[in-house]
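S.K.: requesting a structural model of the entry that follows:
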Amino acid sequence: MNTSEVAKLLGVSASTIQRWVKQLELPMERNERGHYHFNNEDIDLLKNIQTQIQNGTLLQEIAPVQEKKIRKGTVKGAPETNAELERLYTIVSELEAKVNSKADSVASYQLLQHRREIEDLQSQVLDLTKKVESLQSQLYESKITTPPEKPLVFEQGKLNRKKKNFVSSLFGFLG
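M.R.: Modelled structure (predicted):
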């Protein structure tokens, strides 16, 4: 059975099965693509682990399998000697170091880039704050220095009546 089938059988996710196998260093068979292949004995072992976890045992407390069986799987052109294995291990270790170094440098570059962007945004915010404060002070000063304008009111009706009264009083003796 493959990982997905065992996960369905036990009612857990495939990643849970993979985590159990890795953390407990279970000696599972792998196929030519490196995927786990579980036989009935392996499934019984996983059921036992699941029972222990359901009973409150932490995964770290579960004793790893003492008897390690040899992983079966097809590895074409497998190295025959320990020297070749050591050489491959050294190459893999060097590649991992290079990948980690590259990842670190990429992360550092991205952090610096984000820092620059944040500093630019902070500068823009400061500029906008200064402009807003300047506009607010100009508005405040304009309200203080200019007296409020009095509305223009034309009282022509009164002027006309006064003129009429004055004119009629001057020429009133005629009428």
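S.K.: between the two ends of stretch 4-19, how far is it?
M.R.: 13 Å (C-alpha to C-alpha, to the nearest Å).
S.K.: which parts of it are buried?
M.R.: V6, A7, L10, V12, T16, I17 (16 or more other C-beta atoms under 10 Å). In short, each C-beta sits where N, CA and C put it, glycine included.
S.K.: same question for stretch 33-52.
M.R.: Y36, H37, F38, D42, L45, L46, I49, Q50.
S.K.: which ones are touching the second one?
M.R.: The one in question is H37. By C-beta atoms under 8 Å, 6 or more residues apart in numbering, H37 lies in contact with M1, N2, M28, E29, R30, N31.
S.K.: that one pairs with what?
M.R.: Note on H37: beta-bridge partners by DSSP bridges are E29.
S.K.: where does E94 land in three-state SS?
M.R.: Under DSSP: H, G, I helix; E, B strand; the rest coil, E94 falls in the helix class.
S.K.: now the two most distant members of the buried residues of stretch 4-19.
M.R.: V6 and T16 (10.0 Å; C-beta to C-beta).
S.K.: any chance you could map the helices in the chain?
M.R.: For the chain, the helices defined by DSSP state H cover 3-10, 14-23, 40-54, 82-145, 156-170.
S.K.: turn those helices into a markdown table, including mean pLDDT and distance to A63.
M.R.: Formatted as a markdown table, the helices of the chain follow (pLDDT from 0 to 100; distance: least, C-beta to C-beta, whole Å):
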| stretch | mean pLDDT | distance to A63 |
| --- | --- | --- |
| helix 3-10 | 90 | 20 |
| helix 14-23 | 86 | 12 |
| helix 40-54 | 87 | 10 |
| helix 82-145 | 91 | 28 |
| helix 156-170 | 59 | 110 |
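S.K.: and the nearest residue to D42 once chain neighbours are set aside, how far is that from L59?
M.R.: Counting by C-beta to C-beta, 6 or more residues apart in numbering, D42 lies nearest to M28, which is 5.9 Å off, once chain neighbours are set aside. Between M28 and L59 the computed distance is 16 Å (C-beta to C-beta, to the nearest Å).
S.K.: ok, these two, which is more surrounded?
M.R.: More crowded of M28 and L59, by other C-beta atoms under 10 Å: M28, with 25 against 13.
S.K.: show me how the protein divides into domains.
M.R.: Residue ranges for the domains of the chain, per automatic domain parsing: 3-61, 90-146.
S.K.: how many residues are close by A97?
M.R.: Using other C-beta under 10 Å, A97 has 10 other residues around it.
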